[in-house]
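task: produce atomic coordinates for the following.
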Amino acid sequence: MPSLTPLLANFNANELTLLSSFGDSRSYQKDDVVITQGEENDHLYLVLKGKIEVLQEVDGVDQVVAVLEAGDSLGEVSIFDPGPASATVRAASEAEVWLITRDSLDGLHAANPKVAYRLLTRITTCLSKRMRDMNDKLVDLANR
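Predicted coordinates:
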């Protein structure tokens, strides 16, 4: 698995091989649904190739709220707090994703706590950055 994402930056080849053995690679065709809004999700996804659209239903119409490309990740919250997906995710082109479940992450921790810790640290850093960005947007909206 190539180190395409900030979540996997600085992992060596052996660590990437270990990580890949605890996850699963899946291919999607354009318009295939990866995640359905409201359905249970406990996966972290890394986009390996192609484009993925994140959609939220607004007044009965799906609106694209983000387009993710190779190197992007999604589902970081679900790995810690499994529950209903907050958005539908579909392939905007042929795409390949790598995913890991919460249970598989626990297995990774048992096999190699150091690698699991590094991955978890990267996930929490990503979530913290997104929370800071959202806070900045809320402050901007409040000051208008």
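
for Val67, list each beta-bridge partner.
With DSSP bridges applied, Val67 shows beta-bridge pairing to Glu53.

residues contacting it?
Counting by Cβ atoms under 8 Å, 6 or more residues apart in numbering, Val67 makes contact with 51-54, 92. (C-beta placed from N, C-alpha, C; glycine too.)

next: Val33.
Val33 neighbours (Cβ under 8 Å, 6+ apart): 88-90.

picking up where we left off before, top of the contacts of Val67 by number of neighbours, please.
Ile52 (24 neighbours; other Cβ atoms under 10 Å).

how far away is that residue from Ala87?
Distance of Ile52 to Ala87, given as Cβ to Cβ, to the nearest Å: 11 Å.

pLDDT weak spots in the protein?
By pLDDT under 70, the weakly predicted segments of the chain are 1-6.

spatially central residue in it, please.
With distances taken as Cα atoms, centre = their mean, the residue of the chain nearest its centroid is Leu74 (2.1 Å).

in this structure that residue contacts Glu53, no?
No. With contact defined as Cβ atoms under 8 Å, Leu74 does not count as touching Glu53 (10.8 Å).

now do the shared contacts for those two.
With Cβ under 8 Å, 6+ apart, Leu74 and Glu53 have common neighbours 68, 89.

rewinding a little: tell me the contacts of the residue nearest to the centre of the chain?
Here Leu74 is in contact with 35, 44-45, 47, 52, 54, 68, 89 (criterion: Cβ under 8 Å, 6+ apart).

can you rerun that using 10 Å?
By Cβ atoms under 10 Å, 6 or more residues apart in numbering, the contact set of Leu74 is 34-35, 41, 43-47, 52, 54, 66, 68, 85, 87, 89, 97, 99.
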